[in-house]
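Peer 1: the sequence and its predicted three-dimensional model are supplied below.
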Amino acid sequence: MYDNENKEVTMAQSTILLFTSTHCDICKSVYPILEIVKQKYSNINIIIMMLATDEEAKNTIIRFNIKRSIPVSLIKDEDLFALGIPGFPFCYLLDPNGNIIEKGIVNKIEHFDILLSNHVNIENVS
């Protein structure tokens, strides 16, 4: 898997694959909380799989100040169907071997907490 800067993305630890679209209003409310999720769950990776053109993705990354620590990889409509993505924003929690261990719609920080509660340690964030 490669990010929008054509750098290889690896999954050496548990990983959230977050599926979003630049045309999804709810996704726009999730982008700003990703840094909080990353700090709270520092032992997981987050990878954004974004339904967008290159230009739309670049604009979204800038607009929402998505950090380099959260790679963005572009995805196509036909891939969403093959992966069983029912809507946005949707995520899979993968173990270090790439196996799906949880999945669900995530609209706010509490949804991430529920998704991750049985699988990862929570860091204390003030």
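Peer 2: It's in.

Peer 1: what about this structure, any weak spots by pLDDT?
Peer 2: 1-12, 120-126 (pLDDT under 70).

Peer 1: kindly recompute the last result at 90.
Peer 2: Within the chain, the ranges that satisfy pLDDT under 90 run 1-14, 41-45, 67-69, 77-87, 95-99, 115-126.

Peer 1: SS state for the most centrally placed residue in it?
Peer 2: Nearest to the mean C-alpha position of the chain, counting by CA atoms, centre = their mean, stands residue 18 at 2.7 Å. At residue 18 the chain is in strand, as set by DSSP: H, G, I helix; E, B strand; the rest coil.

Peer 1: surely it and residue 49 touch.
Peer 2: Yes: using CB atoms under 8 Å, residue 18 is in contact with residue 49, at 6.7 Å. In this view, the C-beta of every residue, glycine as well, is placed from N, C-alpha and C.

Peer 1: contacting residues around the residue nearest to the centre of the chain?
Peer 2: 30, 34, 46, 47, 48, 49, 89, 90, 91, 106 (CB atoms under 8 Å, 6 or more residues apart in numbering).

Peer 1: quick one: the strands in this structure?
Peer 2: 15-21, 45-51, 72-75, 90-94, 100-105 (DSSP state E).

Peer 1: surely residue 80 is in contact with residue 20?
Peer 2: No: the criterion here is CB under 8 Å, and residue 80 misses it with residue 20 at 10.9 Å.

Peer 1: got any residues that touch both of those two?
Peer 2: With CB under 8 Å, 6+ apart as the test, residue 80 and residue 20 both reach residue 51.

Peer 1: which residues touch the closest residue to residue 52 other than its chain neighbours?
Peer 2: Of all residues not flanking residue 52 in the chain, residue 22 sits nearest, at 4.2 Å (CB to CB, 6 or more residues apart in numbering). Contact partners of residue 22, counting by CB under 8 Å, 6+ apart, are 50, 51, 52, 56, 57, 59, 60.

Peer 1: all set, thanks.
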